[in-house]
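Colleague: The sequence isn't on hand, but the structure is:
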């Protein structure tokens, strides 16, 4: 791990970047740190503006935060995409609040579509292996 030459900082940066991308534990660690800081801010700064507090501490945004962290720090992008998708799904009822009946129907339909996509993906991977 000793870096030689003039470009030591660049070599160190590349080394750290490669280690981050190879190890999924770093994404989990960064996620825990971010959420710990987030909850600590909520406790230590109780007088945050209401608009900021609604955005930062809404549970429907938590999967989106974690998904962004996983996209940045994890080599495998699938967990990040899944977490962001879950966050968006949690937001759908909020985005289409004026369609109350559609909100009741959309969750089962989205669950069915997600299940079909998962099954097709597994089937497609099994067919490629044979």
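Modeller: It's in. What you are looking at is a predicted structure, and each value in this text was computed from that prediction instead of being measured.

Colleague: what residue ranges in the protein are flagged as low confidence?
Modeller: 1-6, 16-24, 94-104, 123-130 (pLDDT under 70).

Colleague: Could you find the residue nearest the spatial middle of it?
Modeller: Taking Cα atoms, centre = their mean as the criterion, residue 67 is the residue nearest the geometric centre of the chain, at 0.6 Å.

Colleague: wouldn't that residue be in contact with residue 81 here?
Modeller: Yes - with contact defined as Cβ atoms under 8 Å, residue 67 counts as touching residue 81 (7.0 Å). Where C-beta positions appear, they are placed from N, C-alpha and C, glycine not excepted.

Colleague: what's the next secondary structure element after the helix or strand harbouring residue 69?
Modeller: Here residue 69, judged by DSSP states H and E, is contained in helix 62-73. Using DSSP H and E, the helix or strand that follows helix 62-73 in sequence is helix 78-95.

Colleague: where does that following helix sit relative to the chain's centre, distance-wise?
Modeller: Centroid displacement of helix 78-95 relative to its chain, using Cα atoms, centre = their mean, to the nearest Å, is 9 Å.

Colleague: number of nearby residues for residue 109?
Modeller: 10 (other Cβ atoms under 10 Å).

Colleague: Against residue 115, how distant is it?
Modeller: Separation of residue 109 from residue 115 (Cβ to Cβ, to the nearest Å) stands at 11 Å.

Colleague: now do residue 12
Modeller: For residue 12 relative to residue 115 (Cβ to Cβ), the value is 45 Å.

Colleague: again with residue 35
Modeller: 29 Å.

Colleague: who's more crowded, the two?
Modeller: residue 35 (14 against 10).

Colleague: Helices along the protein, start to end?
Modeller: 8-22, 24-44, 50-56, 62-73, 78-95, 100-129 (DSSP state H).

Colleague: Out of those helices, indicate the one that is most buried.
Modeller: Sort the helices of the chain by mean neighbour count, taking mean count of other Cβ atoms under 10 Å, and helix 62-73 sits at the top with a mean of 19.
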